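Peer 1: Sequence and predicted structure are below.
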Amino acid sequence: MGDVNENAAAFRFVDAGEGTVVALKGDAITLRSSVPSPPGSRREAELLEAGLRFRMKVHASRKQQDASYTLEGRLFDATKAVIDALTKATTPSE
């Protein structure tokens, strides 16, 4: 079993920062980000490979040892195309 497809999972926040989508389960999303986000904040990002934007409400932001941040939250206003792209991006490659 392989890892998350890093190219497909790459995103850039509209205002600042970038990272990868780590997991999606229902509308719960986990990101690895170059910037923190306070709980309650709403962030908009674009999946680089798919060119689609998604929005999330941040529930938790934790600093990691490598100076990145793990952001956990919920998607909102996500279209089927966005959900399909995020699902594809977080599916382990073989």
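Peer 2: Received the coordinates, thanks.
Peer 1: biggest strand in the protein, by residue count?
Peer 2: Assignment by DSSP state E gives strand 52-63 as the longest strand of the chain.
Peer 1: Partner strands of that one and their direction?
Peer 2: Sheet pairing for strand 52-63, assigned by DSSP bridges, gives strand 42-47 (antiparallel), strand 69-76 (antiparallel).
Peer 1: can you list contacts of stretch 47-67?
Peer 2: With contacts defined as Cβ atoms under 8 Å, 6 or more residues apart in numbering, stretch 47-67 is touched by 7-12, 14, 21, 29, 31-32, 36-46, 69-79, 81-82, 85-86, 89. For the C-beta atoms, the positions are set from N, CA and C on the backbone; glycine is no exception.
Peer 1: again with stretch 75-82
Peer 2: Residues from elsewhere that reach stretch 75-82 (Cβ under 8 Å, 6+ apart): 24, 27-29, 42, 47, 50, 52-57, 83, 86.
Peer 1: and the end-to-end length of that stretch?
Peer 2: Stretch 75-82 has its terminal residues 10 Å apart, counting by Cα to Cα, to the nearest Å.
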